[in-house]
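# Please find the sequence and the predicted model below.
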Amino acid sequence: MPTTKKLHLKILFSILLLSAFFSCDSKKTEQSAPHRNPHEITFISVSDIGGNLGNYRIIKATKDSIFAEKGITAQQSHQAWASAINPEVWKKLVSSVHIVDLDHIKSSPSQQSVDGIDETFQIRTPKKSHIYVNAYADTLHYKQLQQLKEQLDKILPKEYK
């Protein structure tokens, strides 16, 4: 009987020790994780893809960098460019985007199937990823995306505009 009691005590002690360890660990990760604004923009992507020759232009931006690539698949040409962004440029870039209004923007059907070019926007926040294809057809709500494109064009070199 004494060995059974010792075994039960060892199991009980192990369970208590493990639960204490995990509860301390989870508190530590909760404290170290920054509280993020759910409406803060963390990533922006704009792409124009399609056409007879397979043209593409893709722009990706985060708080600290911007990356652009363009090319023509039929000709197997490809160019890429990357640069750092300072906080003031990022604030100016995202200033035209109102997160609460993004849910009102409507996408339109893809044009690639008829050799058209699809314009795709992706705007990410910690809470949600907003993706729009050919939203220019939504003339009522497209204005902020158009302003975003214009701000991106001001950052990019001439050959990527």
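On my side now, so go ahead. Note that the structure is predicted; figures quoted are calculated from it, not measured.
# CA atoms for contacts and neighbours, from now on please.
Fine.
# Point out where this protein drops to low pLDDT.
When residues are selected by pLDDT under 70, those of the chain lie in 1-35.
# And the helices in it?
Along the chain, counting by DSSP state H, helices occupy 2-32, 87-94, 143-155.
# Can you give me the neighbour number for the nearest residue to L156 once chain neighbours are set aside?
Counting by C-alpha to C-alpha, 6 or more residues apart in numbering, L156 lies nearest to A68, which is 7.9 Å off, once chain neighbours are set aside. Taking other C-alpha atoms under 10 Å as the criterion, the count of residues near A68 is 21.
# which residues does A68 contact?
Residues in contact with A68 (C-alpha atoms under 8 Å, 6 or more residues apart in numbering) are 57-60, 80-82, 156, 160.
# switch the cut-off to 6 Å
For A68, the contacting residues are 58-59, 80-81, by C-alpha atoms under 6 Å, 6 or more residues apart in numbering.
# Please tabulate those in TSV and include neighbour count and distance to E88 as additional columns.
Shown next, in TSV, are the contacts of A68 (neighbours: other C-alpha atoms under 10 Å; distance: C-alpha to C-alpha, whole Å):
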residue	neighbour count	distance to E88
I58	19	23
I59	23	19
A80	13	24
W81	14	20
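# tell me which of the residues you listed is nearest to D103?
Closest to D103 out of the contacts of A68 is I59 (21.9 Å), distances taken as C-alpha to C-alpha.
# one step back: could the contacts of A68 be laid out in CSV, adding distance to E150?
Below are the contacts of A68 laid out as CSV (distance: C-alpha to C-alpha, whole Å):
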residue, distance to E150
I58, 15
I59, 12
A80, 20
W81, 18
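# which one of those is nearest S108?
Nearest to S108 among the contacts of A68, counting by C-alpha to C-alpha, is I58 at 19.2 Å.
# Give me the nearest residue to that closest one, chain neighbours excluded.
Nearest residue to I58 in three dimensions, chain neighbours excluded: S47, at 4.3 Å (C-alpha to C-alpha, 6+ apart).
# Okay, and the beta partners of the one you found?
I58, T120 (DSSP bridges).
# residue contacts, it?
Neighbour list for S47: 57-58, 119-120 [criterion: C-alpha under 6 Å, 6+ apart].
# how about 10 Å then?
Residues near S47 by C-alpha atoms under 10 Å, 6 or more residues apart in numbering: 56-60, 68-70, 117-122, 133.
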